[in-house]
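> A structural model of the following input is requested.
(2 chains, ligands or ions: 3)
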Amino acid sequence: MSLSVPADIEKEIDERITHYPVSRRSAVLPVLHILQRHFRFLSEDAVSWTAAKLGLEPIQVLEVVTFYPGFRQEAPGKVHIRVCRTLSCAMAGSYELLDNLCQAVGIDASHMGHHHPFAVSEDGRFSIEFVECLASCGSAPVCLVEDELHERVSPETAPDLLARYS
Amino acid sequence: MSNVTYISGKEPHSREHRLIFRNIDRKGYDPGLKCYLKDGGYEQLKKAVTMEPKAITDEVKAAGLRGRGGAGFPTGLKWTFIPPTNTKPVYLICNADESEPGTFKDRYIMHQDPHQLLEGMAIACYAVGAKLAYIYVREEFPHAARILEEAIAEAKKAGFLGKGICGSTFDLELYVHRGAGAYICGEETGLIESLEGKRPYPRIKPPFFPAVLGLYMSPTIVNNVESLCHVKHILAMGGAEYAKLGTPNNTGTRILCVSGDVQKPGYFEVQVGKVTLGEVIQDFCGGLKPGRKLQAVIPGGSSAKVLRADERFKLKRGDEMVEIGLEDIPMDFDSLAACGSMAGSGGVIIIDDSRKISWVLNNINSFYAHESCGQCTPCREGSLWMKKISDRIVAGKASPDDVATLESVANNIEGKTICAFGEACSWPTQSFIRKFRAELVADTREELAGVPVNHETTLAAANLKN
Ligand SMILES: Cc1cc2nc3c(=O)[nH]c(=O)nc-3n(C[C@H](O)[C@H](O)[C@H](O)COP(=O)(O)O)c2cc1C
Ligand code: SF4
Ligand code: FES
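Residues are numbered from 1 along each chain as shown, chains lettered A, B, ... in the order given. Ligands and ions are numbered 1, 2, ... in the order given. Next comes the predicted model:
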């Protein structure tokens, strides 16, 4: 087990744990969020580290990591893009949006599906994922680029959006 | 205080009645405490802590507030389900998972008026005796989580949260908890499991009604963001006065989120039951796109049963039964239920005649297949079967028998599962088939009738005839 967690990150984690005075186990999600933000994905070591931190068995952490679509066990690209797939966005062209984004960064979208949640471009700069409703259906189609929501993204001009993240 | 700006809404429509959304897109309004206080913020909390807790619950009951998260359950009544003999700590959780497709209202409250939610929550906590509360925010709202945490810090510093709130003996700690992208965390018992650090497998009711056995097996009140905000306004107006808004048994205001095939989609806060579906489409949203006709409406989030444009509905008006068309349905809990659907989460999805019904249903089925938590066999297997069958229909590789198979799969999920996701995923299929059977059958292939439903043979047969 060899996850090296910087002191400031560990401090942030310790502070988070205090938000759960009744049960340390409740801090699993926040701890994983902080680790994923820092390391970009959750390795086996991150799972063991979290378990040790919270006094849990690694399996209790792993079962959480594998359940939630928001946690990743593989490294995404430098910029991770989540395109909404659900009805209102699909009606507004989100499938086309996904295709155009994939094409722009050279990702073969045919490998993406329910069990292959995201794909990374060859140069490692971008990864793209189809996700379910992002609760912004009134300004469909939408996508999240890292933490930023982009609304009414026209599939035609979508590749321009990526320029902002280069 | 940080701010996020998204494409702003329109000026409030003249027929809107804004209570909860009063400050959304308001010029010069920011999410900071200073701005909130200038606007009369936290006055209701100051008043609340001088009242008997039960008196607050009574006001909420008198107001007739019904939950805005989906089920429309009376909020005041829910609060009284905490056993009177309870000696365990009581918790309150704000459900800010906002994951029902078609729903986009809670995000604006959290982004632009976070203190309104905190004040509503603090009052609710005082009423039910909770000293520890969480806001469960979906992971895809990183800014909402940050803004809420900044607001909590501000409120704590100013004595509106923490120890001895507003000079009283009431203490409250409030934290933000972020989800990780799973729809099922919106279901209240799944949410509680998630907050306990586990997979969000919903619990079976009975015995696990949250108000009795919730977070850490203690009484827990789970309410939606919008519901909790209403509490503040109920206290300000008085329950009886609040109940004059809206219509009997469907009181107050609620936010409708309209998306899909309209000219101007968006959010609108209206008095419950005071506008019709036709007015929502025509007046609020500028009607359909040029040359298009209405085909269907999903009136309360993707789980709500679909309404067909040319359907006729029977509704009670006074003592009389009247027959009305879709455009005349009043947007309230009881009317939409009487029309065979539900007001649900307030997410109204408009579908015009350019859409293939099989494609729409397939999109919805894909959502549920992806989001089933997998605990119950009918839901785990059935939701995926429904998706696979509708995949086939969309691909033009289905037999006409597949429509009946699809329907039977849905019928074998509804009512046979641990949580209401079972209904949520079967209602779309059941209602689409009941109302659009001919359209769905038209997308299948006659010559595949009788071919065993087996992916390989079906595909082979389809290719052969191509
Ligand atoms: C599958 C499923 C998903 C749900 N998702 C949400 C949600 O995202 N937000 C929400 O407030 N309620 C959601 N609910 C309803 C909650 O279980 C619960 O009834 C609600 O939060 C109670 O709040 P209210 O009484 O204020 O409406 C969902 C229910 C089910 C069955
Ligand atoms: S009905 Fe579906 S989502 Fe609900 S507990 Fe069962 S498997 Fe999970
Ligand atoms: S359908 Fe895309 S945000 Fe809701």
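
> backbone phi and psi for B:Arg254, please?
Per-residue torsions, B:Arg254: phi -150, psi 160 (degrees, to the nearest 10).

> what about the spatially most distant residue from the centre of chain A, which SS state?
Most distant from the centre of chain A: A:Val22, at 28.5 Å, with distances by C-alpha atoms, centre = their mean. Classification of A:Val22 using DSSP: H, G, I helix; E, B strand; the rest coil returns coil.

> these two touch, right, it and B:Leu132?
Yes - with contact defined as C-beta atoms under 8 Å, A:Val22 reaches B:Leu132; the gap is 7.4 Å. Any C-beta I mention is one placed from the backbone N, CA and C, and that applies to glycine too.

> who touches both of the two?
The contact sets of A:Val22 and B:Leu132 overlap at B:Pro89 (C-beta atoms under 8 Å, 6 or more residues apart in numbering or on different chains).

> before we move on, back to that, distance of the residue farthest from the centre of chain A from B:Met217?
To B:Met217, A:Val22 is 10 Å away according to C-beta to C-beta, to the nearest Å.

> again, but for B:Gly190
16 Å.

> comparing these two, which residue is more hemmed in?
Set side by side, B:Gly190 and B:Met217 show more neighbours around B:Gly190, with 25 against 12, by other C-beta atoms under 10 Å in any protein chain shown.

> the residue of chain A found nearest ligand 2: what's it in contact with?
Proximity of chain A to ligand 2 (C-beta to the nearest ligand atom) peaks at A:Phe67, 11.3 Å away. The contact partners of A:Phe67, taken as C-beta under 8 Å, 6+ apart, are B:182, B:199-200, B:373.

> from the residues you listed, which is closest to A:Ser4?
Distance ranking of the contacts of A:Phe67 against A:Ser4, using C-beta to C-beta, places B:Arg199 first at 28.4 Å.

> okay but the closest one is in contact with B:Cys185, surely?
No - using C-beta under 8 Å, B:Arg199 makes no contact with B:Cys185, being 10.1 Å away.

> looking at these two, which is more packed in?
More crowded of B:Arg199 and B:Cys185, by other C-beta under 10 Å: B:Cys185, with 28 against 18.

> what residues does chain B put near ligand 2?
Neighbours of ligand 2 within chain B, by C-beta under 6 Å from any ligand atom: B:184, B:202, B:372-376, B:379-380, B:417-419, B:421-422.

> now B:Trp385: closest residue in space that isn't a chain neighbour?
Of all residues not flanking B:Trp385 in the chain, B:Val409 sits nearest, at 4.9 Å (C-beta to C-beta, 6 or more residues apart in numbering or on different chains).

> which helix or strand contains the most centrally placed residue in chain A?
In chain A, the residue lying closest to the centroid (C-alpha atoms, centre = their mean) is A:Gly70, at 5.0 Å. Under the criterion DSSP states H and E, no helix or strand holds A:Gly70.

> break chain B down into its domains, please.
Chain B breaks down into these domains under automatic domain parsing: B:33-244, B:247-352, B:357-458.

> for the helix or strand hosting B:Tyr108, name the packing helices and strands.
Secondary-structure assignment from DSSP H and E places B:Tyr108 in helix B:106-112. The contact analysis (3 or more C-beta pairs under 8 Å, 6 or more residues apart in numbering or on different chains; DSSP states H and E) places helix B:106-112 against helix B:114-128, helix B:142-157, helix B:225-237.

> dump those helices into a markdown table; add mean neighbour count as well.
Shown next, in a markdown table, are these (neighbours: other C-beta atoms under 10 Å in any protein chain shown):
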| stretch | mean neighbour count |
| --- | --- |
| helix B:114-128 | 26 |
| helix B:142-157 | 20 |
| helix B:225-237 | 25 |
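
> adding mean pLDDT, write those out as JSON lines.
What follows is the helices and strands packed on helix B:106-112, written out as JSON lines (pLDDT from 0 to 100):
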{"stretch": "helix B:114-128", "mean pLDDT": "98"}
{"stretch": "helix B:142-157", "mean pLDDT": "97"}
{"stretch": "helix B:225-237", "mean pLDDT": "98"}
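
> to A:Thr50, which of those helices lies closest?
Taking C-beta to C-beta, helix B:142-157 is the member of those nearest to A:Thr50, at 19.6 Å.

> the closest one close to chain A?
Yes - Helix B:142-157 reaches chain A (C-beta under 8 Å from any C-beta of the partner chain) through B:142-143.

> shaky segments in the stretch 301-450 of chain B?
For the stretch 301-450 of chain B, no stretch is flagged by pLDDT under 70.

> repeat that for chain A.
A:1, A:113-116.

> roughly how far does the residue lying closest to B:Ile82 once chain neighbours are set aside sit from B:Ile165?
Leaving aside its sequence neighbours, B:Ile82 sits nearest to B:Pro219 (C-beta to C-beta, 6+ apart; 4.3 Å). The gap separating B:Pro219 from B:Ile165 is 21 Å, by C-beta to C-beta.

> look at the single nearest residue of the stretch 351-466 of chain B relative to chain A and say how many residues are nearby.
Here the residue of the stretch 351-466 of chain B nearest chain A is B:Asn363; by C-beta to the nearest C-beta that distance is 4.9 Å. If you count neighbours by other C-beta under 10 Å, B:Asn363 ends up with 25.

> measure it to A:Ala92 for me?
12 Å.

> do B:Lys232 as well
35 Å.

> can you pull out the strands in chain A?
Remark: strands assigned in chain A by DSSP state E are A:79-84, A:118-120, A:126-131, A:143-145, A:148-150.

> rebuild the ones you listed as TSV, extending it with distance to ligand 3 and mean neighbour count.
Shown next, in TSV, are these (distance: least, C-beta to the nearest ligand atom, whole Å; neighbours: other C-beta atoms under 10 Å in any protein chain shown):
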stretch	distance to ligand 3	mean neighbour count
strand A:79-84	3	24
strand A:118-120	17	19
strand A:126-131	9	23
strand A:143-145	9	22
strand A:148-150	9	19
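
> now distance to B:Gly246 too, for those, in JSON lines please.
Below are those laid out as JSON lines (distance: least, C-beta to C-beta, whole Å):
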{"stretch": "strand A:79-84", "distance to B:Gly246": "32"}
{"stretch": "strand A:118-120", "distance to B:Gly246": "44"}
{"stretch": "strand A:126-131", "distance to B:Gly246": "35"}
{"stretch": "strand A:143-145", "distance to B:Gly246": "35"}
{"stretch": "strand A:148-150", "distance to B:Gly246": "32"}
